[in-house]
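Trainee: coords please:
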Amino acid sequence: MIQNGIINSSVLLQTFNWNSSKHHNKSFFNHITNKSKFLKYLGIDGVWLPPCSKSVASEGYMPLDYYDLDSEYGNMNDLKTCIKTLHNDDIKVFADVILNHRCAEFQNENGVYNVFGGKLPWDSTAIVKNDYKFQGEGNMSYQRLFNSAPNIDHSQSFVQDDLIDWMLWLKHELLFDGFRFDYMIGMDPFIMKHYIEETNMNIYIGEYWNSMQYNNGTLNYNQDTHRQEIIDWIDNSGKYAHAFDITTKGILQHVVESDEYWRLADKNNKPAGMIGWWKEKSITFLDNHDTHIKSQNLWPFPTQYVIEGYVYILTHPGIPMIYCDDIMIDSNHTFLIKSLIKIRKSYNINNCSKVEIIIANHEKYVANIDNKILITLGEFDSSLVKSYIFKHNKALIQKI
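Mentor: Next up is the predicted model:
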């Protein structure tokens, strides 16, 4: 039986950015060990650590030997100490698991890197047949292919057995509490259901990053197709996993830049992101190692409105994931985000909280959360505000 390791008003943290492996010179896990008490002070309940296996690229997303934990972030002993320290401070720890693709160490007779080394010495039959770049000889894949490394054929029973054994090793030997699954748009969700059932972790978080709907470069108001695709992934993978609420990120960052607050309410006057349909399974966030302006800058949340963004996700249902740069590096934001986390926990705002949208127009967004607090984003007359528990630029939180 899959247990729920994240409940109520929990707040999560992505601990790393795209450059963490370079900046910490194989000492990143030690860095997080030393930050454990500080993270607890901030109100963090669970952390997502970077990929821990040896990788072709220092960031960890091009894994070689899954069992070799001598990575650019530290070694196996460093990682064990980090996890133990976080656990001692009552913080859950999630491994970043890359299953879709794996890099080979050796070339075949044609000079193609498709012969794997280490404890799992697979050959080209472990690569999907339509991955022509790496001369795969497995079965066809009907999911999206990753271009930079061999796409693994998860229909093969030996692949499934090997990866289940490895994930169970992470669970029992390293004592990880859960997994964050990378690049789920490339994986068959029914196979993911098998992996989840066989590993039985406390929590699973899937990254199903699909494209939102646009019309001539303008974001469509109706993003039902986008959020439905993420929900379909959760359904088809067994209804156990959570998923990043990419729909909410896309809508919210457009709203704060354009002042089009009407976009935050869907046609049924519910939150327009995934939290409007399946809030219990939604992991809300503003940025990650791919999107942030100082990481890969692929889809950044506007920096001048970061606090407004956190006002929204930390007062709304879903499970919020804070990005490391926003709270651990930018000292201007640390106190404000800590205050918002405290408000969330003080009023027991959680992944099941009820949202009553009162106003969503061109001027502002106003919502009643659990009949405890009132949130305003946008224009408000400060002279008329008699009492509040948080105020910053275009964001206001009041007690009801």
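Trainee: for stretch 358-371, buried residues please.
Mentor: For stretch 358-371, burial by neighbour count (16 or more other CB atoms under 10 Å) applies to Ala360, Lys364, Tyr365, Val366, Ala367, Ile369, Asp370. C-beta: built from backbone N, CA, C; applies to glycine.
Trainee: mind listing what Asn220 touches?
Mentor: Met212, Gln213, Tyr214 (CB atoms under 8 Å, 6 or more residues apart in numbering).
Trainee: hmm, 10 Å instead?
Mentor: Residues near Asn220 by CB atoms under 10 Å, 6 or more residues apart in numbering: Met212, Gln213, Tyr214, His226, Arg263.
Trainee: go through the residues you listed and say which is closest to Ile191.
Mentor: Closest approach between those and Ile191, by CB to CB: His226, at 23.2 Å.
Trainee: separation between that closest one and Trp233?
Mentor: 12 Å (CB to CB, to the nearest Å).
Trainee: any shared contact partners between these two?
Mentor: Counting by CB under 10 Å, 6+ apart, the shared contacts of His226 and Trp233 are Asn210.
Trainee: count of neighbours near Asn348?
Mentor: Asn348 is flanked by 11 other residues according to other CB atoms under 10 Å.
Trainee: what stretches of this protein score poorly on pLDDT?
Mentor: The model of the chain has pLDDT under 70 over residues 1-8.
Trainee: what residue is smack in the middle of it?
Mentor: In the chain, the residue lying closest to the centroid (CA atoms, centre = their mean) is Phe244, at 5.1 Å.
Trainee: and it, what does it touch?
Mentor: Contacts of Phe244 (CB under 10 Å, 6+ apart): 180, 184, 205-209, 230, 274, 282-285, 288, 318, 321.
Trainee: neighbours around Leu86, how many?
Mentor: 25.
Trainee: which of the helices or strands spans it?
Mentor: Element membership for Leu86 (DSSP states H and E) is helix 76-88.
Trainee: kindly report the same for Trp166.
Mentor: Secondary structure from DSSP H and E places Trp166 in helix 157-169.
Trainee: returning to that earlier point: who wins for most neighbours among the contacts of Phe244?
Mentor: Ser282 (31 neighbours).
Trainee: ok, now which ones touch it?
Mentor: Going by CB under 10 Å, 6+ apart, the list of residues near Ser282 reads 227, 230-231, 234, 242-248, 271, 273-276, 313, 316-320, 351.
Trainee: just Asp224 next, same as before
Mentor: Gln213, Thr247, Asp266, Lys267, Ala272, Gly276, Trp277.
Trainee: give me phi/psi at Leu12?
Mentor: Backbone torsions for Leu12, taken as degrees, to the nearest 10, come to phi -110, psi 170.
Trainee: bridged to it, which residues?
Mentor: For Leu12, the beta-bridge assignment (DSSP bridges) gives partners Gly46, Met321.
Trainee: how far away is it from Thr225?
Mentor: With CB to CB as the criterion, Leu12 and Thr225 are 27 Å apart.
Trainee: quick one: which of those two has more around it?
Mentor: Counted by other CB under 10 Å, Leu12 and Thr225 do not tie: Leu12 has more neighbours, with 25 against 12.
Trainee: list the contacts of the more buried one.
Mentor: 6, 44-48, 91-92, 94, 180, 203, 205, 242, 283-285, 319-322.
Trainee: can you get me a residue count around Lys92?
Mentor: Every residue meeting other CB under 10 Å relative to Lys92 is counted, giving 21.
Trainee: so it is in contact with Ser10, correct?
Mentor: Yes. The pair Lys92 / Ser10 is scored as a contact, 8.3 Å apart, by CB atoms under 10 Å.
Trainee: and for these two, which residues touch both?
Mentor: Ile44, Asp45, Gly46, Ile203.
Trainee: secondary structure class of the first one, three-state.
Mentor: Here Ile44 takes the coil state, with states given by DSSP: H, G, I helix; E, B strand; the rest coil.
Trainee: ok, the spatially closest residue to Lys37 that is not a sequence neighbour to Leu336 distance?
Mentor: Closest residue to Lys37 apart from its sequence neighbours, by CB to CB, 6 or more residues apart in numbering: Asp89 at 6.3 Å. Distance of Asp89 to Leu336, computed by CB to CB: 23 Å.
Trainee: residue ranges for the helices of the stretch 251-400 of the chain, please.
Mentor: 275-278, 306-313, 324, 331-346 (DSSP state H, counting those that start in this stretch).
Trainee: Gly118 is nearest to which of those?
Mentor: Comparing the helices of the stretch 251-400 of the chain under CB to CB, the one sitting nearest is helix 324, at 29.6 Å.
Trainee: ok, Ser53 - contacts?
Mentor: For Ser53, the contact set (CB under 10 Å, 6+ apart) comprises 60, 62-71, 95-98, 102, 118, 166, 170.
Trainee: so which helix or strand takes in it?
Mentor: Going by DSSP H and E, Ser53 is not part of any helix or strand.
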